[in-house]
Structure formats: structure tokens, C-alpha cells
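**Q** All I have is the shape, not the residue letters:
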Ligand code: HPA
């Protein structure tokens, strides 16, 4: 189900936001599952429910509260997505990634993406933060790709390279920020599945064989579209549970576990993000 969204539509959404916000955001921030509380730290916030923004997808899920929060965080003007659109909710990949292109048209050139993920790497513990060095867009590789359809040349090329999606200097900056505040930071490869099922043990073993360290149901579509548009991208996964690879294990991932672990992680993720933004602020001036 590809839904074509035109440049004019992205521009209308961006113009609508520009006309209503007191801020000109420089950095986009996607707050993943369980992490949306971080938006409360944004000062002088202008808040825009997705349902009010032109061309934003209508929520198909009861109780799905999502909004853009634009304001100041650690010396940077950010546009945060409090809640994102997931493919498993029934949105097309074009809808899932619509906010990224709207951010681009708002003048945002840097995107920080967070997510909740299952740890595939046996060395990872619940509560770890992982810098995304690279990704496997498994859903995209099966043909469910946000860039399928007419290419919008105003955003980027028909056949974009994806070997440098996660901007090298931003990864260095994140490692420096983690060191500044004494936080361990894992590094690895994130793989995106469609969900909503958690993985079977055989699937977990397969994903490990692919070379993935963390698995989740978001991110790679968004970061691919951001990179296509020439944006700089940083990804941070929060390891909220361990993927279960053993047949008949009674250990069982659940959404409750993901949300609970996400809540426990928030102070550390917040510390890292604030330090990172502070460092980033000096580059944006
Ligand atoms: N699998 C897929 N998505 C997830 C997981 C997981 O184990 N944890 C959080 N999001």
C-alpha cells in the first residue's frame, strides 16, 4: 500500500507549523516507545497534536496520543516527535516517514532517533544504551520501502547510497558525550522488522546470523528517508529486553516489559541526550 505524498503536501505541513511555532527548530528528535516523557524537558514548548497538522496520518489506534513538541532543549531548538507512527499500526511506510520530510522542509538538517529494542547481542544487558552504527532495513529489503514510488528529486536521488546513514562525526560526538558523563555506550547494528509479533527463537537465531545486535519495529525507514534528504542522522537504541533464542524458554518479551525498562532507562538516556545536545549546540552556531 504505497500512498504518494507530494512535495506540496510536505510543504503545507511545514508552513502550517512555521506559522504557529515561535521557534525555528534545528534538530529533530524522535522519542521511542516508553521514552516520550523526555518531551517534558523541552522549554518554551509549542505543542501540535498530529491530528491537527495538515497531511499527518490520522491515528488508527485508540488512545494513540502523538504530537510534535517544538522548543528549547540543552541550548538547541528541537522538534520532538512525542510518539511515532509504526508500520504495524497499519500506516504505509510513506506515512510512517512523513514527519521526517516535514522536518526537512522546516529547515531541520540533523535528526536524532531513539527506539526501544530487543538485545540480540548476548553481551547486551537490559538497560544498555546502544549507538546505532549501521542498520539492516529488513522490511525495506522485502520491498516495503518508504522510497518506493515516484522519486521526489527535491529531497534526494532515485538510488541513494546507504553506507553512511549514521553520520560518522555525530557518532563520535555521542561517544564523547557518553564519556563526559561516565555512561557506558554499546555500539552495534539495528535491524527493523514489521512487528507486531516479537521474534520466535528461530528468528532470533537468524537475526544474529545476519549480524544484527538489536531488533525493533521502527527507525530504519525513518533514518533512510532522512539520509535520502541529506540529513545528518544519529540513532540510539535502548535495550529494553533480551531477545529469546532458546526453544521453550519461559522467558517471554512483552510490551509491558519494554515500557517498564524504558521508564527505568529514561534518566540515563536523558543524561546522554542533554550532554550530546550541549556538544551539538556548539556545532550548530
Ligand atoms: N523485538 C522487537 N521489537 C522490540 C523488542 C524486541 O524484542 N523490544 C523492543 N522492541
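**A** Arrived safely, thanks for sending. Just so it is clear, the model here is predicted, and its values are computed rather than measured.

**Q** For residue 224, give me its contacts.
**A** 97, 137, 140, 145, 146, 147, 160, 162, 165 (Cβ atoms under 8 Å, 6 or more residues apart in numbering). The C-beta positions use only the backbone N, C-alpha and C, and glycine is treated the same way.

**Q** residues contacting the first one?
**A** Which is residue 97. Residue 97 touches 146, 221, 222, 224, 225, counting by Cβ under 8 Å, 6+ apart.

**Q** how distant is stretch 221-239 from the center of its chain?
**A** 7 Å (Cα atoms, centre = their mean, to the nearest Å).

**Q** and that stretch, anywhere near the ligand?
**A** No - with Cβ under 6 Å from any ligand atom as the criterion, the ligand is not reached by stretch 221-239; the gap is at least 8.1 Å.

**Q** What is the end-to-end distance of that stretch?
**A** 19 Å (Cα to Cα, to the nearest Å).

**Q** now do stretch 246-255
**A** Across stretch 246-255, first to last residue, Cα to Cα, it's 20 Å.

**Q** residues in contact with it?
**A** Counting by Cβ under 8 Å, 6+ apart, 118, 198, 201, 241, 242, 243, 244 sit against stretch 246-255.

**Q** So for that stretch, mean pLDDT?
**A** For stretch 246-255, mean pLDDT rounds to 89.

**Q** Relative to the whole chain's centre, how far out is it?
**A** 26 Å.

**Q** same question, stretch 91-109
**A** 12 Å.

**Q** can you offset everything so residue one is 267?
**A** Yep, numbering from 267; the last one is stretch 357-375 now.

**Q** Could you check it and say which residues are buried?
**A** 357-372, 374 (16 or more other Cβ atoms under 10 Å).

**Q** Can you check the distance spanned by stretch 354-372, start to finish?
**A** Termini of stretch 354-372 sit 27 Å apart (Cα to Cα).

**Q** er, stretch 345-360 actually
**A** 20 Å.

**Q** quick one on the thing from earlier: and the ligand, which of the contacts of stretch 512-521 reach it?
**A** Counting by Cβ under 6 Å from any ligand atom, the members of the contacts of stretch 512-521 near the ligand are 384, 464, 507, 509.

**Q** After the helix or strand where the first one lies, which helix or strand is next? Please name it.
**A** Assigned by DSSP states H and E, residue 384 belongs to strand 376-385. Per DSSP H and E, strand 376-385 leads on to strand 395-402 as the next helix or strand towards the C-terminus.

**Q** pull the longest helix from the chain.
**A** helix 521-550 (DSSP state H).

**Q** buried stuff in that one?
**A** 523-524, 527-528, 531, 534-535, 537-543, 545-547.

**Q** ok, now stretch 333-344?
**A** Applying 16+ other Cβ under 10 Å to stretch 333-344 flags 333, 334, 335, 336, 337, 338, 339, 340, 342, 343, 344 as buried.

**Q** contacting residues for the last one?
**A** For residue 344, the contact set (Cβ under 8 Å, 6+ apart) comprises 291, 292, 293, 294, 295, 308, 336, 337, 338, 543.

**Q** so residue 493 makes contact with residue 429?
**A** No - the pair residue 493 and residue 429 does not pass the contact test of Cβ atoms under 8 Å, sitting 10.0 Å apart.

**Q** list the contacts for the closest residue to the ligand within the chain?
**A** The chain approaches the ligand most closely through residue 384 (2.2 Å), counting by Cβ to the nearest ligand atom. Residues in contact with residue 384, defined by Cβ under 8 Å, 6+ apart, are 464, 465, 480, 481, 482, 505, 506, 507, 508, 509, 519.
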